[in-house]
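K.L.:
here's my sequence, what's the structure:
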Amino acid sequence: MTKPKFVNIVVIEDDPIDRFIAQQLLKKSCDNIKAYKNGKSALKGLERSDIMPELILLDLNMPEMNGFEFLAEFEKLPVERKNFTTIYMVTSSDDDDDKKRAMKFESVKKF
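P.N.:
Got it, this is the predicted structure:
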C-alpha cells in the first residue's frame, strides 16, 4: 500500500538545523517542499505562488514575524487561497496559553 503523498508542503522554521531535518523527513511524503526562515518570508512566498500548500508546519517563536503574526496575516487571505491548507504548530512551547491562542485560528489543526 502506498503512503498518501502531499503535492506541496511548507515549513516555516527559523532554526536552520530544524528546518533541514524537517525537509529531509518530509521528502518521503512530498516532492515539493518549500522552507522559510520566518513568517514574513513565508507570506511573500505564498503570495507569489499559484499553488497553496496542503500542509504548513509552523514554528511559533521566530524573528521578524512569529507564528501568531503569520497566522493573523494568513487568516486574511481569501478563502479560495487558504481553504485547502492545514497548519500544524511545531514548537518547543508547552505553554497552555500559546496552545489555546493557536487553536483559535481556523487553519490550525494541531499544536
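K.L.:
pLDDT below threshold where in this protein?
P.N.:
1-4 (pLDDT under 70).
K.L.:
SS state for the residue nearest the centre of it?
P.N.:
For the chain, residue 56 is the residue whose C-alpha lies nearest the centre (CA atoms, centre = their mean; 2.7 Å). With DSSP: H, G, I helix; E, B strand; the rest coil as the basis, residue 56 sits in strand.
K.L.:
run a quick check on it versus residue 12, I expect a contact.
P.N.:
Yes - in this structure residue 56 lies within contact range of residue 12 using CB atoms under 8 Å: 6.6 Å. All C-beta atoms are positioned from the backbone trio N, CA, C, and that covers glycine.
K.L.:
quick check: neighbours shared by those two?
P.N.:
residue 42 (CB atoms under 8 Å, 6 or more residues apart in numbering).
K.L.:
ok, now which ones touch the residue nearest to the centre of the chain?
P.N.:
With CB under 8 Å, 6+ apart, residue 56 has these contacts: 9-12, 42, 85-88, 107.
K.L.:
can you turn the buried part of these into a ChimeraX selection?
P.N.:
To isolate the buried ones among these in ChimeraX, judged by 16 or more other CB atoms under 10 Å, type:
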select :9,10,11,12,42,85,87
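K.L.:
in helices, which of the contacts of residue 56 appear?
P.N.:
Among the contacts of residue 56, the ones falling in helices (DSSP state H) are residue 42.
K.L.:
can you put the contacts of residue 56 in a markdown table and add distance to residue 48?
P.N.:
Formatted as a markdown table, these follow (distance: CB to CB, whole Å):
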| residue | distance to residue 48 |
| --- | --- |
| 9 | 17 |
| 10 | 12 |
| 11 | 17 |
| 12 | 15 |
| 42 | 11 |
| 85 | 16 |
| 86 | 21 |
| 87 | 19 |
| 88 | 23 |
| 107 | 19 |
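K.L.:
so which bits of stretch 81-98 are buried?
P.N.:
Neighbour-count burial for stretch 81-98, counted by 16+ other CB under 10 Å, picks out 82, 85, 87, 89-91, 98.
K.L.:
that stretch: how far from the chain's middle?
P.N.:
Remark: stretch 81-98 is offset 7 Å from the chain centroid, using CA atoms, centre = their mean, to the nearest Å.
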